[in-house]
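**Q** below is the sequence, then the predicted model.
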Amino acid sequence: MLAGCVTTLVVDDTEPGAPTDDGGSMSSSQGASTSASTDATDAATTVPASSSGGDLDTSGSDTGPVGPCIDDLVECDGLCIDVMSNGLHCGDCMRQCDDTEKCVGGQCVCRPGLTDCGTGCTDTRIDPFNCGTCGNDCGVQLCGDFECIDSCDDVGMQCAQSCVDLDTNPLHCSECGHPCHTNQDCLSGDCETPGD
């Protein structure tokens, strides 16, 4: 007896357009391409969200992880940003304003109530080296309410040589040396983002 090789050929005689088990129809090329097409679509449309998993704190100037960006917004790290007002991306991506500044018209400028005395923005209400006006040094005295004084009684909490209102001061919010983010204000001792 001669031993032989038997090859079995299985032919799928399902005609293109024939109904599938789920009631739909499938062409001869659809089955092979469905998985690849889905993967390609996901890769093309996915935009990463912020690293924290939530919305970026931007005082209403961001639209979140979307694309393409519209209405003069600029894509910065996967988010659509208004670089005219965002303190983290002021004028351009990753250009961050200091805590003493806000982003206005794409430029970092002194927060409302602060003054540029040549070495940066300062609060002349409480700055012992620029008390009331730039260059006015209180020496050993304290600075509170724009004046050199001996005590913070009835003026605020003493933080070093400054008499501070911890309820409203964005550079000392709720406690000495606790600044609010550039996009936030100090309201009743809490750093809050306008519009939240």
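**A** Looks like it arrived, so ask away. Numbers count the residues shown, from 1 in each chain.

**Q** and the residue lying closest to D167 once chain neighbours are set aside, what does it touch?
**A** Distances taken as Cβ to Cβ, 6 or more residues apart in numbering put G189 closest to D167, at 4.9 Å, once the chain neighbours are dropped. In short, each C-beta sits where N, CA and C put it, glycine included. With contact set as Cβ atoms under 8 Å, 6 or more residues apart in numbering, G189 has these partners: 166-167, 173-174.

**Q** out of these, who has the most neighbours?
**A** Neighbour counts for the contacts of G189 (other Cβ atoms under 10 Å) peak at C173, which has 25 neighbours.

**Q** ok but that one is inside a strand, no?
**A** No. The assignment for C173 is coil, going by DSSP: H, G, I helix; E, B strand; the rest coil, so no strand is present there.

**Q** per-residue confidence at it?
**A** You'll see C173 listed with a pLDDT of 97.

**Q** wait, isn't it in contact with V164?
**A** No. With contacts counted by Cβ atoms under 8 Å, C173 stays clear of V164, the gap being 9.5 Å.

**Q** run a quick neighbour tally on the closest residue to R95 other than its chain neighbours.
**A** Spatially, and ignoring its direct neighbours in sequence, R95 is nearest to H89 (6.3 Å; Cβ to Cβ, 6+ apart). H89 is flanked by 26 other residues according to other Cβ under 10 Å.
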